[in-house]
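*Asks:* what shape does this take:
(one chain, ligands or ions: 2)
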Amino acid sequence: MSNVVSYELIENIGVISINSPPVNALSQAVREGILKAVVAAQDDDSQAIVLCCEGRTFIAGADITEFGKPPMEPGLPTVLDAIENSSKPVIAAIHGTALGGGFEVSLACHYRCAIASAKVGLPEVKLGLLPGAGGTQRVPRIAGVKAALDMIATGNPIAAAKAKELGLIDELVDSDDLKAGAIQYAKNLLASNAPLKRIRDITIDPATIEAGFFDAARKKLALRARGQIAPDKIVSCIEAAVNLPMDEGLKRERELFGELITSPESAAMRHIFFAERQAAKIKDLPRDTPLRDINKVAIIGGGTMGGGIAMCFANVGIPVLMLEINDEALQRGMDIINKNYKITVKKGKLDASKMQDRLDLISGTTNYEDLGEVDLVIEAVFENLELKKEIFAKLDRVCKQGAILASNTSYQDIDAIAEATSRPQDVLGLHFFSPANVMKLLEVVRGEKTADDVLATSMKIGKKIGKVCALSRVCYGFIGNRMLGGYGREAQMLLMDGCTPVQIDSALERFGMAMGPLAMGDLAGLDVGYKARQGRTDLPDDPKLYRMGTLLVEMGRHGQKTGAGFYKYDPETRKRMSDPEVEAMIKEEAAKIGVEQRDISDEEILQRCFYPLINEGARILEEGIAQRPSDIDVVYVFGYAFPAAKGGPMHYADNIGLKNVYDKICEFRDREGGELYWKPAPLLEKLANEGKTFAQWAKEQS
Ligand code: 3HC
Ligand code: NAI
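*Replies:* Ligands and ions are numbered 1, 2, ... in the order given. Model (predicted):
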């Protein structure tokens, strides 16, 4: 039939098999192959048609690499029409993940069967899109408007059993041989004279939708949209499914899909999709680098980070041994883990028996001698280099040969830590983000001597525990925290220059940041930055620098934990409220040091906060700390909640134009204290002069 789609007649059943690795995406060749097979099956001896896939999954969606290119025939709607209008029943046989266009293909079929481990979903929103091949029209017709909205607006897949409950799957078949099971199911349907069920024939009675449902949905989604334009259009499509005939609903869906696919938001989110996968690849490591087995993990330190890291491993069934300084500290750590799991159960995201299984995988000790058999150790004790060196020397003595020794340090020198052992090749940084069981990013920090198989294994285990991994070389703060320095500094400088905390945070939150930098400071604790600054000798003697952050800490306002910081907090709800006392103080302090305050636009707030990130990002690239600009974007989107709809700081800079960013940095340099704070990175200057983007530079490097 074609090299990616085959067709065979097995008794009276025509079987269409798609084999287009890795995920059977709907490339032009796949679309053409399916169309030809369906057409051919109309005229042969088959009485029903089974559509299934080879390899690890059913069709995982449209081929995203084709987006942005000129359309190629046949389009997906043509293929779906052929399936839906088939004179013989077409049955989709689903395994793995039927996603996006893949799930939409199955919805055009007359019946769907699946193995129990399969998942189905419409994740287009995660690419800044909406389902463009009938998903928004067919899912509400079967599963109801509410379930459809949940599924399409979150983009989260659902398990086959749940899909069956919702009517999206008709039959669960034995997982040992899906093809045979699907053929048998097809025969059963024929034997029972089952009708050609076309979802398009179902109508939704508008009277069944409660008044105001769509307005409420729009409002709710707008609150969490974070720069995304797709959720609102998804609501419009589902509304169309209720109010318009099928063909008009499909037309509406197509129009809105067309608007989204050309939007910068979708381009940014597609960039992040590929960047995430690219980041997992280490440029100079062969694909077949051998891996070490990780069957048991130890965590040193059961505090804020250690507890969360332990949960990450227990969640995927890997036993964890947590080591603390004494029984009391150990118990405290265990209690926090327990509490966190209980919250997850309460939210309905985990059932109680699974919680117990996970807790059973976490044990504790205060004795280093117990670490002899672990395959990976992650140290998460206080941020103190001497202490960490001491611990690594101990680990060197007790851990078996080949164990991977990792530190979760935020700032310390991994190479210095590695030198405290006799096996620096086994040492690296595994930098989790807080809360470690929630945040998706894992910075994998490659020391001078880290062995290839240690890196490859760490990338693999990172993915296994559900993290998005990005590789960093050793420097102060690695990729993420190093870049953050200028962002936090400028937020505080802007206060002195005339902004209120609310003005700064709101501007950044409107841009799409989950939380503005001052509110974030309050959440993390202003004392953390204060203490870190105390230890630094490289900071200039500038009375404007971190003035408010320092004064607030000295007044006992350490942020949320003391009920007040840049903001004050409602003791019950923790709701943040602007504090006139702080606003007055900002004015007084500016006057004291002779800063003339002025009105500052939102645009300047964004430039002052983001351009230092971009500038430092350029330095990080030049120094080879990050492998590629897209890795930096991954770090910011998954570790610092930078909006995916803006594609991360480097993609955002490319969109603004590097010349514009460079010119503005020069303007700030001339106006805001010279090169001390605003020294353009040589790479930024070079690319600005050459009229290039970071993405083009990365292509030239590879
Ligand atoms: N198009 C093109 N390439 C795709 C792809 C797609 N839809 N989905 C995955 N790939 C590629 C990945 O880029 C990766 O390539 P690489 O090996 O060169 O890096 C490879 O397939 C394997 O992907 P993963 O590393 O993600 O493999 P996993 O096994 O971890 O996950 C998956 C598999 C769950 C299918 C995951 O890849 C995924 O979520 N894919 C995207 C699904 C999606 O978003 N579908 C909707 C597309 S939009 C659409 O369908 C529009 C329609 O409504 C018209
Ligand atoms: P924490 O203070 O909450 O916990 C540290 C724990 O280590 C305490 O429970 C302490 O009893 C234990 N400990 C101290 N000395 C020990 C020893 N010799 N043996 C065993 N246990 C010992 O600290 P937190 O916040 O969890 O930070 C830990 C590490 O993670 C630090 O290096 C920090 O820089 C890093 N980190 C912290 C993040 C955060 O947001 N808190 C984010 C990312 C990294």
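*Asks:* counting neighbours, what do you get for Ser702?
*Replies:* Residues lying near Ser702 (other CB atoms under 10 Å) number 8. The C-beta positions use only the backbone N, C-alpha and C, and glycine is treated the same way.
*Asks:* scratch that, Gly624 is what I was asking about
*Replies:* Counted with other CB under 10 Å, the neighbours of Gly624 add up to 9.
*Asks:* got a list of what the spatially closest residue to it that is not a sequence neighbour touches?
*Replies:* Nearest residue to Gly624, sequence neighbours excluded (CB to CB, 6 or more residues apart in numbering): Arg473, at 6.2 Å. Applying CB atoms under 8 Å, 6 or more residues apart in numbering, we find Arg473 in contact with Val445, Arg446, Glu623, Gly624, Ile625, Ala626.
*Asks:* reformat these as TSV; add distance to Val316, pLDDT and secondary structure.
*Replies:* Putting the contacts of Arg473 into TSV (distance: CB to CB, whole Å; pLDDT from 0 to 100; DSSP: H, G, I helix; E, B strand; the rest coil) gives the following:
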residue	distance to Val316	pLDDT	secondary structure
Val445	22	98	strand
Arg446	24	98	strand
Glu623	34	98	coil
Gly624	32	98	coil
Ile625	29	98	coil
Ala626	27	98	strand
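*Asks:* which one of the residues you listed is nearest to Asp176?
*Replies:* Relative to Asp176, the closest of the contacts of Arg473 is Arg446; by CB to CB it sits at 42.5 Å.
*Asks:* is it true that that closest one touches Cys469?
*Replies:* No - Arg446 is not in contact with Cys469 according to CB atoms under 8 Å; the separation is 11.5 Å.
*Asks:* gap between Val468 and Arg292?
*Replies:* Here the distance between Val468 and Arg292 works out to 21 Å (CB to CB, to the nearest Å).
*Asks:* ok, the two, which is more surrounded?
*Replies:* Legend: neighbour count by other CB under 10 Å for Val468 and Arg292, higher for Val468 (21 against 18).
*Asks:* distance check, the more buried one against Lys349.
*Replies:* Using CB to CB, Val468 is found at 20 Å from Lys349.
*Asks:* let me know the pLDDT of Met1.
*Replies:* pLDDT recorded at Met1 is 59.
*Asks:* repeat that for His95.
*Replies:* Among the per-residue scores, His95 holds a pLDDT of 97.
*Asks:* also Gly535?
*Replies:* Turning to Gly535, the model gives it a pLDDT of 80.
*Asks:* what does the stretch 151-300 of the chain put close to ligand 1?
*Replies:* Applying CB under 6 Å from any ligand atom, we find that the stretch 151-300 of the chain lies next to ligand 1 at Arg277.
*Asks:* how about the residues of the protein that lie near ligand 2?
*Replies:* 300-306, 323-325, 329, 380-383, 391, 408-410, 432-434.
*Asks:* related to what we said a few turns ago, just the buried residues out of the contacts of Arg473, in PyMOL syntax.
*Replies:* Written as a PyMOL command, the selection of buried residues from the contacts of Arg473, which uses 16 or more other CB atoms under 10 Å, is:
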select buried, resi 445+446+625+626
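*Asks:* gap between stretch 313-320 and the chain center?
*Replies:* Averaging C-alpha positions (CA atoms, centre = their mean, to the nearest Å) puts stretch 313-320 21 Å from its chain's average.
*Asks:* that one: end-to-end distance?
*Replies:* End-to-end distance of stretch 313-320: 7 Å, with CA to CA, to the nearest Å as the criterion.
*Asks:* strands of the stretch 251-400 of the chain, start to end?
*Replies:* Per DSSP state E, counting those that start in this stretch, the stretch 251-400 of the chain has strands spanning 297-300, 320-323, 362-365, 376-379. These are given in chain order.
*Asks:* which of those is buried the deepest?
*Replies:* Each of the strands of the stretch 251-400 of the chain was assessed for mean neighbour count using mean count of other CB atoms under 10 Å. The highest is strand 297-300, with a mean of 28.
*Asks:* helices or strands up against it?
*Replies:* Applying 3 or more CB pairs under 8 Å, 6 or more residues apart in numbering; DSSP states H and E, one finds that strand 297-300 makes contact with helix 304-314, strand 320-323, strand 376-379.
*Asks:* format these as CSV; extra columns: mean pLDDT.
*Replies:* Converted to CSV, the helices and strands packed on strand 297-300 look like this (pLDDT from 0 to 100):
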stretch, mean pLDDT
helix 304-314, 97
strand 320-323, 98
strand 376-379, 98
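*Asks:* so which of the ones you listed comes closest to ligand 1?
*Replies:* The stretch from these with the least distance to ligand 1 (CB to the nearest ligand atom) is helix 304-314; that distance is 17.2 Å.
*Asks:* who's in contact with the closest one?
*Replies:* 297, 299-300, 302, 319-320, 322, 333, 336-337, 340-341, 358-359, 361-362, 378, 380-381, 408, 432, 434-438, 465-467.
*Asks:* counting neighbours, which bits of it end up buried?
*Replies:* For helix 304-314, the neighbour count (16+ other CB under 10 Å) marks Met305, Gly306, Gly307, Gly308, Ile309, Ala310, Met311, Cys312, Phe313, Ala314 as buried.
*Asks:* how many neighbouring residues does the residue in the chain positioned nearest to ligand 2 have?
*Replies:* Of all residues in the chain, Gly303 sits closest to ligand 2, at 1.8 Å by CB to the nearest ligand atom. Number of residues near Gly303 (other CB under 10 Å) recorded here: 16.
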